[in-house]
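> Whatever this is, show me its structure:
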Amino acid sequence: MRALVLLLTVLLAVPVAAVSPAGPGREVITLWPGPAPGSQGATAREEIVERSKTPEVIRDRYIKGVVTPTLIVFKPARPTGASLLMIPGGGYKWVVMDKEGYEAAERFAAAGVTVYVLAHRLPGDHWGAGPAAALQDAQRAMRLIRARTTGPVGVIGFSAGGHVAGTLMQKWDRPVYEPMDAADRRSARPDFAVLMYPVASMHADIAHVGSRTELLGASPTAEQEKEWSLEDCVRPDEPPVLLIHAIDDTSVPVENSLRLLAALRAAKIPVEAHVFEEGGHGFGIRYVVGKPAAIWPDLVLGWMRRKGWAA
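Reported below is the predicted structural model:
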């Protein structure tokens, strides 16, 4: 009996790995050691929704009501030392998992980049930080990644995830949560930022209406619009930026990237931009096959190599 008790004690002491929706064997990192900041009054109810009519062929999932923000790690067979914090889109209503997360992560991991896909909280779920809830998670994610590596760490964001990534590159040092452990002594500043068809502006003339409403409400003030518009918040110590957008994007007008490009150039921030005639919105990896925009992963990797962030 004593031996059985000892065995049970040992087994209970071994942490159980979370099951990764990206597949067996993927490491899952929970961002916060307890409940996420500002959880009192939050209305989030976490749910994974499958949109694909043939999920056995191709998956198309999103997460609604994120309660427990996580990073899912894609480790390359031959790591170059570079890491990417990857932030999928979803209009601030949900977090796309496959199209702008795991599929893109596989592509970069195959090139030697360690990728951390973020499932962040959403502002419409009434977290205490309001529009800064996703920024809290992005800062914490960057600090946790920095605690695990000494190599360069960049951020890549898609659509509304591009807004989260852009906000991180501009507000990386804003004190939006109380430090919790040694990881929070690390810098949350990314070494570089890649913004894919980003929701950059909150100004009504070019904003993505859904993202703007989810983040700031139906009638934001002029001050709120300016505070959360990337083109209005450029600072001289921002990291270098790569912008990728399609002219025929009918969801997030290309002017989001063009205005941000102009603001970055005016501030003398190193910036590169690729604007494609075709591609639409939300193309990720799968929806640009046969189109010029299909080369975007190679453009990103080439840019990283030229700048010395990847081998």
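
> Strands of the stretch 1-150 of the chain, residue ranges please.
For the stretch 1-150 of the chain, the strands defined by DSSP state E, counting those that start in this stretch occupy 27-30, 47-50, 61-64, 70-74, 83-87, 94-96, 114-119.

> Residue 288 contacts residue 297, correct?
No. At 9.9 Å, residue 288 does not count as touching residue 297 under the criterion of Cβ atoms under 8 Å. C-betas here are computed from N, CA, C, even on glycine.

> circling back to that earlier point, please identify the most buried of the strands of the stretch 1-150 of the chain.
Among those, strand 83-87 has the highest mean neighbour count (mean count of other Cβ atoms under 10 Å), at a mean of 28.

> Starting from that one, tell me which strands it pairs with and how they run.
Note on strand 83-87: by DSSP bridges, its sheet partners are strand 114-119 (parallel), strand 153-158 (parallel).

> any idea how far it is from the chain center?
6 Å (Cα atoms, centre = their mean, to the nearest Å).

> Please apply the same query to stretch 39-53.
On Cα atoms, centre = their mean, the centre of stretch 39-53 falls 17 Å from the chain's centre.

> cool, stretch 276-294 as well?
Per Cα atoms, centre = their mean, the centroid offset for stretch 276-294 relative to its chain is 19 Å.

> three-state assignment of residue 199?
Three-state assignment for residue 199 (DSSP: H, G, I helix; E, B strand; the rest coil): coil.

> what's the burial count for it?
Number of residues near residue 199 (other Cβ atoms under 10 Å) recorded here: 31.

> Just list the residues touching it, thanks.
Residue 199 makes contact with 89, 91, 159-160, 162-163, 207-208, 211, 252, 256, according to Cβ atoms under 8 Å, 6 or more residues apart in numbering.

> could the residues you listed go into JSON lines alongside distance to residue 54?
As requested, these are arranged in JSON lines below (distance: Cβ to Cβ, whole Å):
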{"residue": "89", "distance to residue 54": "22"}
{"residue": "91", "distance to residue 54": "24"}
{"residue": "159", "distance to residue 54": "24"}
{"residue": "160", "distance to residue 54": "26"}
{"residue": "162", "distance to residue 54": "28"}
{"residue": "163", "distance to residue 54": "31"}
{"residue": "207", "distance to residue 54": "34"}
{"residue": "208", "distance to residue 54": "28"}
{"residue": "211", "distance to residue 54": "29"}
{"residue": "252", "distance to residue 54": "27"}
{"residue": "256", "distance to residue 54": "33"}
